[in-house]
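**Q** Fold the following for me, if possible:
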Amino acid sequence: MDNRAGLQILAFALYNDAMKIKVSGLSSDINRATLLSDRTAAFFSSIGQCLGGELIPAPLEDRDADLKLIFIASGGSEGKFLRAFDLIEPPVYLLTSGTDNSLAASVEILTWLNGKGVPGEILHGSSDYIARRIRAILSGDSAVSGHRSGNLPVYSSAALGGTYGVVGRPSDWLIASVPSYEKVFSTFGTTLADIPMEELLEAYREQPETEKNRDGLDFAGARRLENAVLEIRKRHGLDGLTIRCFDLLDSIHTTGCLSLARLNTEGFIGTCEGDIMSMLSMAVVRKVTGQSSFQANPSRIEADANSMVIAHCTLPYDMTESYRFDTHFESGIGVAVKGELREQPVTVFRLSADMRTYWCAEGRIVRNLDEKTLCRTQIEIVFDEPYRVADLLQTPCGNHHIVFYGRHRAEIDSFLNK
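**A** Predicted coordinates for the structure are as follows:
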C-alpha cells in the first residue's frame, strides 16, 4: 500500500512467459474498501485466468512493464487520479469493474484525458473481453473491434435560454464537466447563477419538520430539504438547479434525492453533484421533447452486446411505473428513489463541457435491475446502432448521461444544429 501525497493506492502485476502487466488502483474515500474487497480480488483473478497469469502487488510508479493499467475502483476517484497523474505514463489504460461506480469515474477521467490530448482507453466488460483488449493492445492494435470513427457531432449554438442555479459548486470529481459560464451564455443564451450552499442550509433550518422517519429512513430530513430546495428555486426564479449534494451528508446528514425527484416531476430541472452539463443536457431534453429525464451513471457496458447498465439514486416520479424508497447507495443514509422504468425505446444524451460536442444514441430499456453494488434505480439499455456504446470506452463526453423515453436523436440533432 502506498499513501504518499495522500493517495490510497493498491497495485498488482501479472507475469507469465509472454507478458508483464502491472496494475495500480485508486478509490474514493467513501468507497475505500473496494480496493481490498473479495469482489475486487475475484475481478482481478478472473482477468488473470483469462490471460494465463496471476496478479501480484507492484507500485504505481513502476513502469517496468509491457502494459500498465490503472484500476479505478469506485466513483469519486477522479481527484485521486489527478493527484497521481504525474506518476502515470501515457497512453493511459483505465481498468474498471461493473460495480461501485467504477465505470462512471473512468468515463469522467477519460473525458479529461481526451480534453488534454492524452491517449487513453477504458478496459471494461467481461473478463474475457478485457483480456482480448489487453492482448490486442500488446500486439499494437489500439482500436476497439467494430468501433465507429469516434467522432462526436459538433454544434455552435442553440436557443435554450433560462436561468439555472449552481448550489455550492460542482463536485470535486467532476474534472471534465465544468463549463465556462460565459461560453454557456454565448452558446445557449442561458444564465448560470451561483448560490452559496449556506443559503440552502439556512433555508433547510427554517423548514418545519412535517414528516416522521419510517422504515429506518430519514424522511423528516429529506422532506425538510425538499421544501428548502423548492424555496431556493422560487426565490431566485430559476428554471432549474444543480446541488453539490454530497456535502449534505456531513452538514445535515441527509441527501437531495427526493428534492431532485420532485423538482423534475414538477417540470423544472434538478441534477446531482453540481453537474452543470447534466443540468444543461436535461434542459435541452425538456426544451425539445417536453419530457422529464433521468440523470444516471454508466455502470456497466458490454461492447459485444451493445448494452449499458445505467443507475442513480433519484429520478422523476413521472418516469416510473412504480417506485419505492431506500437509502442513498454510497453513504447508506438519507432517502433515495428506487424506480422501475417502462421497458420501451429511449434516447441517451450528454453534452460535453467544451460546449461544442455531444453524444446521443437511441435504444431500448430491456430490463430493470436490483443489484446491491449499484445506485438504487438501475436499467439496462440495448442500443440500436451496432457498437454505439463502445464509443464511451474511447470518446466519452463525461460521466452522467441523460435518459428519456422515445427515439428523439433526430430532434436533438436538429435543435443543436439550427
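**Q** My guess is Phe325 contacts Asn213. True?
**A** No: contact criterion Cβ atoms under 8 Å: Phe325 and Asn213 do not qualify, at 11.3 Å. (Glycine included, C-beta is placed from N, CA and C.)
**Q** After the worst-scoring helix or strand of the chain on mean pLDDT, which helix or strand is next?
**A** One helix or strand of the chain scores below all others by mean pLDDT, DSSP states H and E: strand 9-15, with a mean of 57. Downstream of strand 9-15, the next assigned helix or strand under DSSP states H and E is strand 20-26.
**Q** Can you list the strands that that next one pairs with?
**A** Strand pairing for strand 20-26, determined by DSSP bridges: strand 9-15 (antiparallel), strand 67-72 (parallel).
**Q** which of the residues in that strand are buried?
**A** Residues 20-26 are the ones in strand 20-26 that count as buried (16 or more other Cβ atoms under 10 Å).
**Q** cool, stretch 102-121 as well?
**A** 102-114, 120-121.
**Q** Now that stretch: average pLDDT?
**A** The average pLDDT for stretch 102-121 rounds to 96.
**Q** How far away from the center of its chain is it?
**A** 12 Å (Cα atoms, centre = their mean, to the nearest Å).
**Q** Mind splitting this structure into its structural domains?
**A** Residue ranges for the domains of the chain, per automatic domain parsing: 4-138, 163-416.
**Q** Tabulate these (a markdown table), appending distance to Asn151.
**A** As requested, the domains of the chain are arranged in a markdown table below (distance: least, Cβ to Cβ, whole Å):
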| stretch | distance to Asn151 |
| --- | --- |
| domain 4-138 | 12 |
| domain 163-416 | 8 |
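**Q** Out of those, which gets the lowest mean score?
**A** Among those, domain 4-138 has the lowest mean pLDDT, at a mean of 82.
**Q** follow-up on the earlier one: same drill for Phe325 and Asn213, tell me which one is more crowded.
**A** More crowded of Phe325 and Asn213, by other Cβ atoms under 10 Å: Phe325, with 17 against 13.
**Q** Ramachandran angles for that one?
**A** Main-chain dihedrals, Phe325, degrees, to the nearest 10: phi -110, psi 150.
**Q** ok, now Leu192?
**A** Dihedral angles (degrees, to the nearest 10) for Leu192: phi -100, psi 130.
**Q** pretty sure it is touching Tyr181, no?
**A** Yes: at 4.8 Å, Leu192 and Tyr181 qualify as touching, with contact defined as Cβ under 8 Å.
**Q** neighbour-wise, which of these two wins?
**A** In terms of neighbours (other Cβ under 10 Å), Leu192 is the more surrounded of Leu192 and Tyr181; the figures are 21 against 15.
**Q** how close does the more buried one get to Leu82?
**A** 24 Å (Cβ to Cβ, to the nearest Å).
**Q** what's the pLDDT at Val144?
**A** Per-residue pLDDT puts Val144 at 56.
**Q** returning to what we had before: and which of the buried residues of stretch 102-121 is nearest Asp64?
**A** Nearest to Asp64, judged by Cβ to Cβ, of those is Gly120 at 20.5 Å.
**Q** Verify the contact between that closest one and Ile88 for me.
**A** No: taking Cβ under 8 Å as the definition, Gly120 is not a contact partner of Ile88, at 9.7 Å.
**Q** Residues contacting the lengthiest strand in the chain from elsewhere in the structure, which ones?
**A** If you go by DSSP state E, the chain has its longest strand at strand 358-368. Applying Cβ atoms under 8 Å, 6 or more residues apart in numbering, the contact partners of strand 358-368 are 152-153, 155, 281, 307, 340-352, 378-385, 388-389, 391-392, 396-397, 401, 407-409, 412-413, 416.
**Q** can we see that at 7 Å?
**A** Strand 358-368 is contacted by residues 152-153, 340-352, 378-385, 388, 391, 396-397, 407, 409, 412, 416 when judged by Cβ atoms under 7 Å, 6 or more residues apart in numbering.
**Q** Of those residues, keep whichever come out buried.
**A** By 16+ other Cβ under 10 Å, those give 152, 340-341, 346-352, 378-383, 388, 391, 396-397, 409, 412, 416 as buried.
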